[in-house]
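K.L.:
With the input below, show me the fold.
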Amino acid sequence: MKEKFIKSTIILIIGGLITKILGIVNKVIMTRLLKTEGVGLYMLILPTFTLFINLASFGFPIAVSKLVAEDDKNNKKLIFSVIPFSLLINVILIILIMIFAPFLSHYLLKEDKVYYAIIAISLVIPFTSISAILRSYFFGKEKMFPHVISNVIEDIARLVLIIVGIPIFLEYGIEYAVFFLVASNVISELASILILFLFLPKNFKLKRNDIKPSKIYLKDSLEISVPTTISRLIGSFTYFLEPIILTSILLYTGYTRSYITTEYGVISGYVMPIILLPSFFSNAISQALLPIVSKSYKKKNYKYTKKKIKQAISISLAIGILFTISFITIPDVILKLIYNTTEGSTYLKFFAPICLLQYIVSPLSMSLDAMGKSKDNLIVTIVISIIRTVALPLFALLKIGMWALIISTSINIIVDTLMSLKRVKIALSDVN
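P.N.:
Okay, the predicted model is just below:
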């Protein structure tokens with residue numbers, strides 16, 4: 001089991017690095033083809049795209065991974081219990097997108113050219129949902145290779161589509177090129193789904209009873225997926241409010257719009273992406289941890305569960321410490337190397353040791369999901385969202401500029417980590 005956990009983690013990290021590289025190549029080619037206006041339009045609808053994908057998946061991937069890992073259900077029946085409900089949610093979202101696309105583009109995003117791209121989102125979400133659910137089955141089985149291969153094929157398919165399709169659609173107008181960029185995810189997700197099917201066992205067969213949905217299985221899935229979805233929505237809404245609150249208060253206290261735009265850009269565009277680099281590793285560790293904790297906790301092997309959680313935290317911290325030391329000692333060098341600037345080095349140096357705690361939040365949060373404590377994650381999210389929303393304007397009123405954001409975010413990370421750690425300890429102490 002120990003070897004399986006390490007092996008799964010290594011596979012996910014290597015696969016993640018490959019997809020990161022492919023993602024960078026995709027972005028470079030997309031940027032060069034779409035130019036500034038096209039990229040601007042795509043970035044404008046990206047938060048909307050991400051929001052609807054999260055709503056469409058409805059937290060089912062985590063639920064399915066956990067339930068499959070517990071190995072006490074008919075997995076085929078579980079998948080066919082979840083997918084119809086997921087598709088029903090997708091149909092509702094598709095209808096809402098179709099109805100509100102004009103309003104979203106014209107009044108909220110204030111850019112009519114993204115109308116077709118918003119419509120394209122409705123075409124994509126059913127495929128992303130099914131793909132995510134199928135991947136979660138393999139996660140639950142502790143088979144990480146299908147996930148990695150499907151991701152790589154998906155990115156390669158997207159790359160080919162971008163190179164071939166964008167120049168064709170650009171002839172009709174930039175809005176149609178952005179529409180194609182979003183809609184191309186249908187084909188790339190289909191490619192991913194087909195690859196996942198290839199990894200099914202050779203003796204895989206479906207019986208009539210397997211495809212008959214189970215209310216009990218759906219109920220078990222919803223107990224995990226609903227709190228997970230609500231947590232993500234609360235988190236997304238909190239971050240949506242962040243620039244609005246910050247800008248309003250700082251303007252009120254006398255800071256110029258130019259200062260706010262520049263400094264917020266430095267923090268969100270330079271500092272945060274660098275700070276979150278180690279999270280890539282902790283997320284891979286967390287994904288590998290989920291099925292192992294789910295299985296051991298279900299079998300009441302609590303000693304082993306504790307051991308695996310401690311191991312995941314230790315590895316995340318070890319990786320995080322290496323990055324943190326470099327962030328503190330040579331922030332200028334790192335910023336210069338990556339962004340060709342030294343702006344934000346003071347923020348980076350201050351923020352780095354606090355964000356060391358952030359790197360263990362993912363394993364802790366995933367452990368709670370694995371132990372069936374998704375409601376605890378929801379409680380943590382609600383508390384830290386309230387703290388962040390209250391702390392940000394309070395510190396902004398102290399006329400400390402963008403340090404209000406840094407300090408309020410730091411408090412948020414500390415509370416998040418301590419609460420998650422306490423919840424995990426309670427979950428394990430209650431069963432001893």
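K.L.:
Would you agree Leu109 is in contact with Pro47?
P.N.:
No: assessed by Cβ atoms under 8 Å, Leu109 is found out of contact with Pro47, at 9.5 Å. To be clear about C-beta, it is placed using only N, CA and C from the backbone, and glycine gets the same treatment.
K.L.:
So which of those two has more stuff around it?
P.N.:
A direct count of neighbours by other Cβ atoms under 10 Å for Leu109 and Pro47 places Leu109 higher, at 19 against 13.
K.L.:
what's the burial count for the closest residue to the more buried one other than its chain neighbours?
P.N.:
In this structure, Leu109 finds its nearest non-sequential neighbour in Leu44, 5.6 Å apart by Cβ to Cβ, 6 or more residues apart in numbering. Using other Cβ under 10 Å, Leu44 has 17 other residues around it.
K.L.:
what about the protein, any weak spots by pLDDT?
P.N.:
Scanning the chain for pLDDT under 70 picks out 1-3, 204, 206, 210, 430-432.
K.L.:
Longest helix in it, please.
P.N.:
Using DSSP state H, we find that the single longest helix of the chain is helix 2-57.
K.L.:
just checking, what packs against it?
P.N.:
Helix 2-57 sits against helix 75-103, helix 115-140, helix 145-170, helix 174-183, helix 215-252, helix 279-298, helix 302-329, with contacts defined as 3 or more Cβ pairs under 8 Å, 6 or more residues apart in numbering; DSSP states H and E.
K.L.:
Using TSV, lay out those together with distance to Leu364 and mean neighbour count.
P.N.:
TSV is the format used below for the helices and strands packed on helix 2-57 (distance: least, Cβ to Cβ, whole Å; neighbours: other Cβ atoms under 10 Å):
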stretch	distance to Leu364	mean neighbour count
helix 75-103	26	17
helix 115-140	18	22
helix 145-170	22	18
helix 174-183	34	22
helix 215-252	14	17
helix 279-298	9	24
helix 302-329	7	18
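K.L.:
Make CSV out of these and add distance to Glu343.
P.N.:
Converted to CSV, these look like this (distance: least, Cβ to Cβ, whole Å):
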stretch, distance to Glu343
helix 75-103, 38
helix 115-140, 32
helix 145-170, 31
helix 174-183, 30
helix 215-252, 18
helix 279-298, 22
helix 302-329, 15
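K.L.:
Figure out which of those helices is closest to Ile267.
P.N.:
helix 215-252 (10.1 Å; Cβ to Cβ).
K.L.:
follow-up on the earlier one: just the angle between the longest helix of the chain and helix 215-252, please?
P.N.:
If you take axes from the mean of the first three to the mean of the last three Cα atoms, to 10 degrees, helix 2-57 sits at 70 degrees to helix 215-252.
K.L.:
chain center to the helix or strand following helix 2-57, what's the gap?
P.N.:
Remark: after helix 2-57, the chain's next helix or strand is helix 60-70, criterion DSSP states H and E. Put simply, helix 60-70 sits 17 Å off its chain's centre (Cα atoms, centre = their mean, to the nearest Å).
K.L.:
quick check: angle from the longest helix of the chain to helix 174-183?
P.N.:
For helix 2-57 against helix 174-183, the angle by the same axes, to 10 degrees is 140 degrees.
K.L.:
ok now helix 2-57, how far from the chain's centre?
P.N.:
Relative to the chain's own centre, helix 2-57 is displaced by 10 Å; criterion: Cα atoms, centre = their mean.
K.L.:
what number of residues lie near the closest residue to Val124 other than its chain neighbours?
P.N.:
Distances taken as Cβ to Cβ, 6+ apart place Asn185 nearest to Val124, at 4.5 Å, with adjacent residues excluded. Residues lying near Asn185 (other Cβ under 10 Å) number 24.
K.L.:
Could you check how far Phe52 is from Arg232?
P.N.:
Counting by Cβ to Cβ, to the nearest Å, the gap from Phe52 to Arg232 is 12 Å.
K.L.:
swap in Ile14?
P.N.:
According to Cβ to Cβ, Ile14 stands 27 Å off from Arg232.
K.L.:
on that earlier part again, among the helices and strands packed on helix 2-57, which is nearest Glu263?
P.N.:
Smallest distance to Glu263 across these (Cβ to Cβ): 9.1 Å, for helix 215-252.
K.L.:
tilt between that closest one and helix 60-70?
P.N.:
140 degrees.
K.L.:
what packs against the helix or strand following helix 215-252?
P.N.:
Following helix 215-252 in sequence order, the next helix or strand is helix 257-266 (DSSP H and E). Counting contacts by 3+ Cβ pairs under 8 Å, 6+ apart, helix 257-266 packs against helix 215-252.
K.L.:
Please repeat the previous calculation with a cut-off of 10 Å.
P.N.:
helix 215-252, helix 345-358, helix 403-429 (3 or more Cβ pairs under 10 Å, 6 or more residues apart in numbering; DSSP states H and E).
K.L.:
relative to helix 345-358, how tilted is that helix?
P.N.:
Orientation check (the same axes, to 10 degrees): helix 257-266 against helix 345-358 gives 40 degrees.
K.L.:
Now helix 257-266: buried residues?
P.N.:
Ile260, Glu263, Tyr264, Val266 (16 or more other Cβ atoms under 10 Å).
K.L.:
Present the residues you listed as TSV; the columns should include distance to Leu67.
P.N.:
Output for the buried residues of helix 257-266, formatted as TSV (distance: Cβ to Cβ, whole Å):
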residue	distance to Leu67
Ile260	46
Glu263	46
Tyr264	42
Val266	44
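K.L.:
biggest separation within the residues you listed, which pair?
P.N.:
Greatest spatial distance among those (Cβ to Cβ): Ile260 and Val266, at 10.9 Å.
K.L.:
before we move on, the earlier item: now do the contacts for the residue nearest to Leu109.
P.N.:
Residues in contact with Leu44 (Cβ atoms under 10 Å, 6 or more residues apart in numbering) are Ser105, Leu109, Lys110, Glu111, Lys113, Val114, Ala117, Val178.
K.L.:
Relative to Tyr304, which of those is nearest.
P.N.:
Looking across the contacts of Leu44 and measuring by Cβ to Cβ, the closest to Tyr304 is Ala117, at 48.0 Å.
K.L.:
Now do the shared contacts for Ile260 and Val266.
P.N.:
Residues touching both Ile260 and Val266 by Cβ under 10 Å, 6+ apart: Met402.
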